[in-house]
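S.K.: quick check, what structure comes out for this input:
(2 chains)
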Amino acid sequence: MNRLRFLFLLPARVFTAVLFLVPLAIIALYSLFTRGTYGGQSPPLTLDNYARLADPLYLSILARSFWLAGLSTLLCLLLGFPLAMFIARSGRRRHLYLQLVMLPFWTSFLVRTYAWMFLLRDTGLVNTALQALGLIREPLPMLYNDGAVVLGLVYGYLPFMVLPLYSTLERLDPSLLEAAADLGATPIVALARITIPMSSSGILAGCVLVFIPCLGAYLTPDLMGGGKSIMIGNLVQQQFTTARDWPFGAALSLALTALVMVLLWYTMRRAGDHIA
Amino acid sequence: MKNVLEIHSVTKRFATQTAVENVSLEVREGELFALLGPSGCGKTTVLRMIAGFETPTSGRILLGGTDIAPLKPYERDVSTVFQSYALFPHMTVRENIEFGLRRMGAADIPRRVREALELVQLAGKEDRKPNQLSGGERQRVALARSLVLEPQVLLLDEPLSALDPNLRKQVRTELKALQRRVGITFIIVTHDQEEAMAMSDRIAVLNKARLEQVGTPSEIYLTPRTRFVAGFLGAVNWIDGVGVRPESVRVADAPPGNGARSIRATVAHSLFLGNCLHVETRLADGSPFVAEVSRLNGTYGPGQQVHLWWNPSDELKPEA
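M.R.: Numbering: from 1, shown residues only, chains lettered A, B, ... in the order given. So this is what the prediction gives:
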């Protein structure tokens, strides 16, 4: 039995070891190297790359990333919760609605982001239409700012919020809500006292699934933030490309990974306490 | 006695079927009233319309003399004990029982919760979560959660069905005693005729969305208005349009000649049931006829020729 288990788990273990742990070890090693004069990286080993993380410039980018990722997560929750509730109560149609939620995944994220840019830019569909209607004279600045980045992140990661929320709300026994109403709870009270507390595991899972990729987002801030609204993901990317400073890029991405893991561990522990 | 609840010609149609067809009922203050019928007869729909979870297609429901049609479930002075109990799993026993009181903005909540817990003998378990309780305890929490609100009518949907069969007889006695003590009107939905008869002051029998008969347990058992009611309340032998309950039938070797009705039969087999002897016979035309007689009368073997007799006053004469 144990032997069988070992054999079945072997491919996954080899896969994880070769394609995840080994690259991570390489990154860890690079983060301790010194940057060469013309790029590249070599000994001596140093912790200087990590010391540079304390630079206020980088800290402010980190803070911005947390703020934009947090705001996007909150908006995803506010939009996703009613949607998930609606789908969970749609009877036989719910499978169709779930398919619609996942429909955007059939197209490349890059293409979808460009589509948004076509809509939002100064000569884009929205501004042109508003101007044609005479509602505005100058185009509204809808692209290349924090708002555009948040819009792109919410759009991109909303399904990751809806799916776990749906799966907990779908399992919520409708007789509990009837009991709440029967005991005098208005729909708002029933939502606050029964539905939300009983779907806390879905809320937590959804927030984690949205917040983490938002925090490390690279494509959306790059395209929709237009370089003015830079996040930690863009900083990492710059180090590996234009700045040609792989050791610092490696240190940055490892620091981000560590931060996310600590955050995740803390959240899960809190959630565990709460449920127990 | 005053009617606490009146149902006037209520009909409920769903997309594909009629669940309740022109049902009228009156429930008196302080009585234990049962809605009895087979599954799908509409009894649960009646209960859900009283609670406000379903809206009648037509007809009126009066609670304490007032039409409750415009009231939402959370505005109605009735409370439901759900078949699954529907306790809030993330709340303790105390929080579950407090829930309705807090919604009402009631005064003196701790005292009322304590009294409700004592009433259902759950004192000391107030800090448990529902999943730390037995089935019987969960049911009592559900009861306490509703009783603590002192509703005009307490609705119970199959209150015993989720319990262990050994526990049911005990709980139905306790439930009835509790109802007498608190004096609140109980309406119980059940498909179990024995349960309905053992607990209720009056029973409404429903079948296929229609009301068949309302009466005390003895009225509907002894003078059923329809063949359905006669058969649903207990076993019946049908002969020439009248019904004879097996326990009304005597078995003899010779015709009794005392004005009783009698008929010749052949014993098919007899079963010893402990408290009685279950004798299955065949009449001359081959139709079955069952008698349940005292085991003190002797034994009957297959093929034995007997005379079955009963008093005409014990015959059931349903109109339909």
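
S.K.: B:Val229 contacts B:Ile220, doesn't it?
M.R.: Yes - counting by C-beta atoms under 8 Å, a contact exists between B:Val229 and B:Ile220, whose distance comes to 5.8 Å. Placement of C-beta: from N, CA and C, glycine included.

S.K.: joint contacts of the two?
M.R.: B:Val205, B:Gln213 (C-beta atoms under 8 Å, 6 or more residues apart in numbering or on different chains).

S.K.: can you check the distance spanned by stretch A:238-251, start to finish?
M.R.: Distance between the boundary residues of stretch A:238-251 (C-alpha to C-alpha, to the nearest Å) amounts to 13 Å.

S.K.: sec struct for B:Val205, please.
M.R.: Classification of B:Val205 using DSSP: H, G, I helix; E, B strand; the rest coil returns strand.

S.K.: dump the residue contacts of the closest residue to it other than its chain neighbours.
M.R.: Counting by C-beta to C-beta, 6 or more residues apart in numbering or on different chains, B:Glu212 is the residue found nearest to B:Val205 once chain neighbours are left out, at 4.4 Å. With contact taken as C-beta under 8 Å, 6+ apart, B:Glu212 is in contact with B:Gly37, B:Val205, B:Leu206, B:Arg225, B:Thr226, B:Phe228, B:Val229.

S.K.: with B:Pro151 instead?
M.R.: The contact partners of B:Pro151, taken as C-beta under 8 Å, 6+ apart, are B:Asp77, B:Val78, B:Ser79, B:Ile184.

S.K.: ok, so of these, who is nearest chain A?
M.R.: Each of the contacts of B:Pro151 was scored against chain A by C-beta to the nearest C-beta, and B:Ser79 proved nearest at 5.9 Å.

S.K.: in a strand, that's where that closest one is, yeah?
M.R.: Yes - B:Ser79 sits within a strand when classified using three-state DSSP.

S.K.: pretty sure it sits against A:Asp182.
M.R.: Yes - under the criterion of C-beta under 8 Å, B:Ser79 lies in contact with A:Asp182, with a separation of 5.9 Å.

S.K.: picking up where we left off before, which two among the contacts of B:Glu212 are spaced furthest apart?
M.R.: In terms of C-beta to C-beta, these reach their longest pairwise distance at B:Gly37 and B:Arg225, which sit 14.2 Å apart.

S.K.: coming back round to it: restricted to buried residues, select the contacts of B:Pro151 in PyMOL.
M.R.: Per 16 or more other C-beta atoms under 10 Å in any protein chain shown, the buried members of the contacts of B:Pro151 correspond to this PyMOL selection:
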select buried, chain B and resi 78+79+184
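
S.K.: near chain A, from the contacts of B:Pro151?
M.R.: With the criterion set as C-beta under 8 Å from any C-beta of the partner chain, the members of the contacts of B:Pro151 near chain A are B:Val78, B:Ser79.

S.K.: okay, helices next: where are they in the stretch 51-200 of chain A?
M.R.: A:56-88, A:94-102, A:109-120, A:125-132, A:146-171, A:174-182, A:187-190, A:196-198, A:200-215 (DSSP state H, counting those that start in this stretch).

S.K.: so which residues on the stretch 51-200 of chain B come close to chain A?
M.R.: Close to chain A, as judged by C-beta under 8 Å from any C-beta, the stretch 51-200 of chain B has residues B:51-53, B:72-75, B:78-80, B:82, B:84, B:86-90, B:99-100, B:103-104, B:145-146, B:149.

S.K.: which of those residues are buried?
M.R.: Buried residues within these, defined by neighbour count using 16+ other C-beta under 10 Å: B:51-53, B:73-74, B:78-80, B:82, B:86-88, B:90, B:99-100, B:103, B:145-146, B:149.

S.K.: follow-up on the earlier one: is it true that the residue nearest to B:Val205 lies in a helix?
M.R.: No - under three-state DSSP, B:Glu212 sits outside any helix and is assigned strand.

S.K.: apart from its neighbours in sequence, what residue is nearest B:His8?
M.R.: Excluding its sequence neighbours, the residue lying closest to B:His8 (C-beta to C-beta, 6+ apart) is B:Arg60, at 4.6 Å.

S.K.: can you tell me the helix or strand for that neighbour?
M.R.: With the criterion set as DSSP states H and E, the secondary-structure element containing B:Arg60 is strand B:58-63.

S.K.: one more: A:Arg269?
M.R.: Applying DSSP H and E as the criterion places A:Arg269 in helix A:246-275.

S.K.: list the buried ones in that helix?
M.R.: Using 16+ other C-beta under 10 Å as the test for burial, helix A:246-275 gives A:246-256, A:260, A:271.

S.K.: and if you look at stretch A:231-249?
M.R.: Taking 16+ other C-beta under 10 Å as the basis for neighbour counts, the residues of stretch A:231-249 that come out buried are A:231-239, A:244-249.

S.K.: for the longest helix seen in chain B, packing partners?
M.R.: Ranked by number of residues, the top helix in chain B under DSSP state H is helix B:165-182. Taking 3 or more C-beta pairs under 8 Å, 6 or more residues apart in numbering or on different chains; DSSP states H and E as contact, the helices and strands that helix B:165-182 lies on are helix B:109-119, helix B:135-147, helix B:193-199.

S.K.: look up how far A:Arg35 lies from A:Leu62.
M.R.: Between A:Leu62 and A:Arg35 the computed distance is 21 Å (C-beta to C-beta, to the nearest Å).

S.K.: over to A:Ala185?
M.R.: Distance, A:Ala185 to A:Arg35, by C-beta to C-beta: 62 Å.

S.K.: try A:Leu235
M.R.: Separation of A:Leu235 from A:Arg35 (C-beta to C-beta) stands at 16 Å.

S.K.: ok so, going back, of the residues of the stretch 51-200 of chain B next to chain A, which belong to helices?
M.R.: Here DSSP H is the test, and those give B:Ala51, B:Phe99, B:Gly100, B:Arg103, B:Met104, B:Arg145, B:Ser146 as lying in helices.

S.K.: single out whichever of those residues has the smallest pLDDT.
M.R.: Looking at these, model confidence by pLDDT dips furthest at B:Met104: 88.
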